[in-house]
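Peer 1: I need the structure of the sequence given here:
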Amino acid sequence: MADCGVAIKWADDPKWFSHDGVMVESEEEAFGRKTEYELIHPDKVLFVDEVGCNTSQKNDGNIGRENILVCPNSQAQIRLAFKDCHFTVLGFTAATSEPVLCVIVLGSKTMKMDFIMGVNPFADVVEDVN
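Peer 2: Got it, this is the predicted structure:
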């Protein structure tokens, strides 16, 4: 990161930093360990987290020992998805802790996709502070 200019390497003198990123003098004031680097452009550093699952609940069974309460002499009516549709979700976050992008990748052999999703570079920009 120092080579591409988003961080500074402190020569031979590691420093302590507080939770707010302010340089401090002692370990008691510090958050984390001493470091030789300071991130100066956290908005240019991205972290990505990947999670995935399957929408089919056919073979889920009683996961987590979840019990469903119903009236006596009745049967629980639960809707389940039976078709396999594996998905992966990638969440991109800047080092400033601001969310940047969420990517959802769907993969299915049985599900018919009649639509195409993507980014339209010619779309009007709509900004909402909320």
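
Peer 1: Only C-alpha atoms from now on, for both contacts and neighbour counts.
Peer 2: Fine.

Peer 1: so what are the domain limits for this protein?
Peer 2: What automatic domain parsing lists as the domains of the chain is 1-40, 41-121.

Peer 1: Those: which one's closest to Asp128?
Peer 2: Among those, the nearest to Asp128 by CA to CA is domain 41-121 (14.8 Å).

Peer 1: could you give me the average pLDDT of that closest one?
Peer 2: Summarised as a single mean, pLDDT over domain 41-121 is 76.

Peer 1: At the geometric centre of the chain, which residue do we find?
Peer 2: The chain has Gly91 as the residue nearest its centroid, 3.2 Å off, counting by CA atoms, centre = their mean.

Peer 1: And it, how close does it get to His41?
Peer 2: Distance, Gly91 to His41, using CA to CA, to the nearest Å: 20 Å.

Peer 1: and if you look at Gly21?
Peer 2: 12 Å.

Peer 1: so can I have JSON lines of the domains of the chain showing distance to Glu127?
Peer 2: Listed next are the domains of the chain as JSON lines, based on distance: least, CA to CA, whole Å:
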{"stretch": "domain 1-40", "distance to Glu127": "27"}
{"stretch": "domain 41-121", "distance to Glu127": "14"}
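
Peer 1: Tell me which of these sits most buried.
Peer 2: Comparing the domains of the chain by mean neighbour count (mean count of other CA atoms under 10 Å), domain 1-40 ranks first with a mean of 13.

Peer 1: where exactly do the helices run in this structure?
Peer 2: Under the criterion DSSP state H, the chain carries no helices.

Peer 1: what are the ranges of the strands in it?
Peer 2: For the chain, the strands defined by DSSP state E occupy 7-9, 16-17, 23-24, 37-39, 46-54, 86-94, 99-107.

Peer 1: For the ones you listed, could you give me JSON lines that also reports distance to Val126?
Peer 2: Formatted as JSON lines, the strands of the chain follow (distance: least, CA to CA, whole Å):
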{"stretch": "strand 7-9", "distance to Val126": "33"}
{"stretch": "strand 16-17", "distance to Val126": "38"}
{"stretch": "strand 23-24", "distance to Val126": "38"}
{"stretch": "strand 37-39", "distance to Val126": "31"}
{"stretch": "strand 46-54", "distance to Val126": "23"}
{"stretch": "strand 86-94", "distance to Val126": "20"}
{"stretch": "strand 99-107", "distance to Val126": "16"}
